[in-house]
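Novice: Could you work out the structure for the sequence below:
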Amino acid sequence: MQELYLMRHGETIFNKRQLVQGAVDSPLTKDGIAKAKRVGQFFQKQGVTFDHAYTSTQERASDTLELVTKQPYTRLKGLKEWDFGLFEAQDERLLPKFNFKDPAEADFFVDYDGESAKQVMERVNQTISKIMAKPDHQRVLIVSHGAAILMFLAAWLPFEEIAKQITDMPNCCVLRFTYDNDRFTYQGLFDVDQSANN
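Specialist: Numbering: from 1, shown residues only. As a prediction, the model looks like this:
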């Protein structure tokens with residue numbers, strides 16, 4: 001049984017300012033750097049090591065991974081965040097509250113030069129599936145992005161189930177999956193800050 005640890009990048013300046021951050025990038029904050037380091041320390045204390053590590057090509061993700069582990073890693077465009085088109089770098093309050101199950105709403109960003117939900121889901125799922133199908137990939141760490149991770153989840157779980165199991169996906173959270181017979185099974189979400197407070 002293979003294991004996938006899928007991590008969201010650390011807090012960035014855009015996250016802190018509540019600006020839309022998809023294809024655009026911004027640097028990690030001091031808090032984002034500190035929390036990524038805590039995740040790495042947690043893995044060390046628990047004896048969790050990885051055969052391979054991958055990250056999005058975006059700086060906020062690769063910087064996060066380098067704070068978590070010093071091992072070599074591979075950057076892949078397929079792990080990038082959703083491209084929100086003309087909404088990039090705008091106030092998050094401008095984003096519509098919509099239902100991804102509705103095909104018309106799932107294509108909302110296409111009209112604004114961005115990606116559809118299906119495009120993101122297929123891109124991220126295909127990339128991660130190819131990674132886990134490689135030999136000697138028993139336990140893998142991947143650092144990606146909130147919306148990209150959500151769409152990967154949606155490839156394997158109904159949205160109703162995701163809403164029940166995940167109420168929040170904070171920066172630096174880690175989602176664990178098992179991978180067997182070409183299928184991913186969601187095992188749970190870990191947040192180092194919540195663990196420290198329990």
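Novice: Tell me which stretches of the protein form helices.
Specialist: Using DSSP state H, the helices of the chain run over 13-17, 30-46, 59-68, 103-106, 117-132, 146-154, 159-165, 192-197.
Novice: residues near D111, how many?
Specialist: 10 (other Cβ atoms under 10 Å). (Glycine included, C-beta is placed from N, CA and C.)
Novice: Likewise for S116?
Specialist: Residues lying near S116 (other Cβ under 10 Å) number 18.
Novice: contacting residues for it?
Specialist: Applying Cβ atoms under 8 Å, 6 or more residues apart in numbering to S116 gives the contacts 106-107, 109-110.
Novice: switch the cut-off to 6 Å
Specialist: By Cβ atoms under 6 Å, 6 or more residues apart in numbering, the contact set of S116 is 106-107, 110.
Novice: Which of those residues ranks first by neighbour count?
Specialist: Going by other Cβ under 10 Å, A106 tops the contacts of S116 with 19 neighbours.
Novice: That residue reaches V120, doesn't it?
Specialist: No. Using Cβ atoms under 6 Å, A106 makes no contact with V120, being 9.6 Å away.
Novice: could you redo the helices of the chain as JSON lines and give each row mean pLDDT?
Specialist: Converted to JSON lines, the helices of the chain look like this (pLDDT from 0 to 100):
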{"stretch": "helix 13-17", "mean pLDDT": "97"}
{"stretch": "helix 30-46", "mean pLDDT": "97"}
{"stretch": "helix 59-68", "mean pLDDT": "98"}
{"stretch": "helix 103-106", "mean pLDDT": "62"}
{"stretch": "helix 117-132", "mean pLDDT": "96"}
{"stretch": "helix 146-154", "mean pLDDT": "94"}
{"stretch": "helix 159-165", "mean pLDDT": "85"}
{"stretch": "helix 192-197", "mean pLDDT": "72"}
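Novice: Which one of these lies nearest to D91?
Specialist: Taking Cβ to Cβ, helix 13-17 is the member of the helices of the chain nearest to D91, at 8.7 Å.
Novice: mind checking how far the residue nearest to A133 when sequence neighbours are not counted is from S129?
Specialist: Closest residue in space to A133, ignoring its immediate chain neighbours: D182 at 7.4 Å, by Cβ to Cβ, 6 or more residues apart in numbering. Per Cβ to Cβ, to the nearest Å, D182 is found 7 Å from S129.
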